[in-house]
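**Q** I'll drop the sequence and a predicted model, then ask my questions.
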Amino acid sequence: MSRFSEALSRGEFVVTGEVAPPVGTDMSSMLESVRALAPHCVALNVTDNQGATLHMASLGASRAVLDVGVEPIFQQTCRDRNRLALQSDLLAATALGLKNVLFITGDDTRHGDHPQSKPVFDLDSSQLIAIAAGMNEGRDMLGRELSGGTDLFIGAGLFPEAEPFEVQLTRAQRKVAAGVRFFQTQAVFDLDKLARATDEMRREGAYVIAGILLLKSPGIVDFINNKLAGLMVPEHIGQRIKTAENHAEEAIAFAREQVEACREICDGVHLMPLGMDAAVGRILGG
Amino acid sequence: MIITKPRDWAKIIANLDEVGAQRVFIMGCGQCATVAKTGGEQEILQAKARLEQGGREVTGWAVGEVACHLGGTKLETRKHQGDLDAADAVLVLTCGAGVQTVADSTPKPVFPGLDSVFLGNVIRHGVFEERCQMCGECVLDQTAGICPVTTCPKGLLNGPCGGMWNGMCEVLTDRECAHVRIQQRLVAQGRGTKEKALEPKDFSKKSKPGSVNMREESRRGKKAGTPDE
């Protein structure tokens, strides 16, 4: 059992963070981030070629995080690997001592740094979740017995704010039926919608960890609204950051309010401080 | 129909230069490439004028009835035997299937004049959209007649992905999300929403290269075109 899953099953309000593997082999900057976030987080997500841009594999970088004594959440997207590679990486994950995995579809390659590449999407995340659940029970996707199964706490993405909600809900319910135990959401701005999604998912038997994105500058607000598909900072929140005397301080204060509210709504928060790792303690109310 | 687009002219010229082709025969197609306005008579004449402006000689041209039909294309090449013999190379304004058929019908070097892009629905005159990828195992029975393999840019069988916003697609932001459309149509038809995700696709159904031999099948005593089971 991972420390992360134990904390959730004890009913603790968990905090997770996120690090990006390097674009290269020098892991010093990633590990610096790990050291800054680790005192505040029960586990750290290690992203998988995020934004469809080249980075070190999450599998190897996750192990490097584990090697410095921090529990990683190994991320796997469906974009870059077929079913053979995905399953073999899951076997490797357990062999390397990784205990948590988060499955996501993955951004489309045409928005990344290798738009000429062939997108794989052999499986979608629901299918991959079902396969991973089977591997936890010692069999591959063909039902064949493995010589040693995986032991992974399975998570997936959830987007509480995307409408139509009933479509999101069906999708999330299918993920739970396939074997998901926890959800980490995209950045949350509407807490009522977070509560709506959390209530539904708890009924299904899954934990919900809310994504908290530090809106550290007006530029970030504009970037999200103009460049990131499927994410929108509401006008009143954007204005609050933009009109503040000190943008970063206001962003920290806003994130701190969100975290406080989340304590009453869901099972934890997933912090995305966008490089301002030193602010995490204050976001958490320290 | 097969949708084609004009190939980069500089590539065509480079191809002809590679074999030192001064005299060129041009071949088009009376079917898809004519409808797509990429390889009909009009486009052939434009290509002819362009080659001639560049100092090349066009020995002749033909719009085959169906360029991908081997028998018909062989017949077409025989009809134009003299012009073909006089040419150093053949420029083919058809889909890749047509180019290969022409290449099998003449000993001359054959070059593509178009790029083949997709199997297209004709939405209206001059507007084509891809709705089917010929994946070899139809899922439309379960997806309310909307193909997620083709119309979801990621080809997910189960969706939407995390980028859907207000029912719109993350990748092609001016389009509705295929998975939202599928679910809403299923509900509207009283077919509910399925609790279980669709199973992973069997890509072996579409192993390359595809091949059907109805004559062989009927010789084996099977009714032509019927499935194996």
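**A** Thanks, I have it.
**Q** For the one helix or strand in chain A whose mean pLDDT sits lowest, name the packing helices and strands.
**A** Lowest on mean pLDDT, DSSP states H and E among the helices and strands of chain A sits helix A:218-227, with a mean of 92. Judged by 3 or more C-beta pairs under 8 Å, 6 or more residues apart in numbering or on different chains; DSSP states H and E, the packing partners of helix A:218-227 are helix A:235-243. Where you see a C-beta, it was placed from the backbone N, CA and C, and this is true even at glycine.
**Q** And the strands in the stretch 1-150 of chain A, which stretches?
**A** A:14-19, A:43-46, A:72-77, A:100-104 (DSSP state E, counting those that start in this stretch).
**Q** So what touches the top helix by length along chain B?
**A** Ordering each helix of chain B by length in residues (DSSP state H) puts helix B:41-53 first. Residues from elsewhere that reach helix B:41-53, judged by C-beta atoms under 8 Å, 6 or more residues apart in numbering or on different chains: B:6, B:9, B:24, B:26, B:28, B:33-34, B:37, B:58, B:61, B:63, B:91, B:93, B:113.
**Q** Nearest to chain A among the residues you listed?
**A** B:Pro6 (20.6 Å; C-beta to the nearest C-beta).
**Q** are any of the contacts of helix B:41-53 buried, and which?
**A** Using 16 or more other C-beta atoms under 10 Å in any protein chain shown as the burial test, the contacts of helix B:41-53 include B:Pro6, B:Val24, B:Ile26, B:Gly28, B:Ala33, B:Thr34, B:Val58, B:Trp61, B:Val63, B:Leu91, B:Leu93, B:Gly113 as buried.
**Q** Isn't the last one up against B:Thr4?
**A** No. With contact taken as C-beta atoms under 8 Å, B:Gly113 and B:Thr4 are classed as non-touching, separated by 9.0 Å.
**Q** for whichever strand or helix holds A:Glu264, packing partners?
**A** According to DSSP states H and E, A:Glu264 maps onto helix A:247-265. Applying 3+ C-beta pairs under 8 Å, 6+ apart, we find helix A:247-265 packed against helix A:191-204, strand A:207-213, helix A:235-243, strand A:268-272, helix A:280-283.
**Q** Pull out the buried residues from the shortest one.
**A** Applying a neighbour-count criterion of 16+ other C-beta under 10 Å, the buried positions in helix A:280-283 are A:Val280, A:Ile283.
**Q** Would you double-check that B:Leu91 falls in a strand?
**A** Yes. Remark: B:Leu91 belongs to a strand, assigned using DSSP: H, G, I helix; E, B strand; the rest coil.
**Q** contacting residues around it?
**A** B:Leu91 makes contacts with B:Ile12, B:Leu16, B:Val24, B:Phe25, B:Ile26, B:Met27, B:Ala47, B:Leu51, B:Phe111, B:Gly113, as judged by C-beta under 8 Å, 6+ apart.
**Q** Would you mind giving the secondary structure of the closest residue in space to the fifth one that isn't next to it in sequence?
**A** This means B:Ile26. Spatial nearest neighbour of B:Ile26, excluding adjacent residues (C-beta to C-beta, 6 or more residues apart in numbering or on different chains): B:Trp61 at 4.1 Å. At B:Trp61 the chain is in strand, as set by three-state DSSP.
**Q** my read: B:Trp61 touches B:Gly40, true?
**A** No. With contact defined as C-beta under 8 Å, B:Trp61 does not count as touching B:Gly40 (11.2 Å).
**Q** A:Val280: what's its closest spatial neighbour, skipping adjacent residues?
**A** Using C-beta to C-beta, 6+ apart, the nearest residue to A:Val280 is A:His40, at 5.0 Å.
**Q** ok so, going back, residues in contact with both of B:Trp61 and B:Gly40, list them for me.
**A** B:Gly28.
**Q** low-confidence ranges in chain B?
**A** B:222-229 (pLDDT under 70).
**Q** Where do the strands of it begin and end?
**A** For chain B, the strands defined by DSSP state E occupy B:2-6, B:23-29, B:57-64, B:89-92, B:110-112, B:114-124, B:127-130.
**Q** Would you convert those into JSON lines that also reports distance to A:Thr53?
**A** Formatted as JSON lines, the strands of chain B follow (distance: least, C-beta to C-beta, whole Å):
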{"stretch": "strand B:2-6", "distance to A:Thr53": "29"}
{"stretch": "strand B:23-29", "distance to A:Thr53": "41"}
{"stretch": "strand B:57-64", "distance to A:Thr53": "46"}
{"stretch": "strand B:89-92", "distance to A:Thr53": "39"}
{"stretch": "strand B:110-112", "distance to A:Thr53": "33"}
{"stretch": "strand B:114-124", "distance to A:Thr53": "26"}
{"stretch": "strand B:127-130", "distance to A:Thr53": "27"}
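**Q** Quick one: closest of the ones you listed to A:Asp267.
**A** strand B:127-130 (42.1 Å; C-beta to C-beta).
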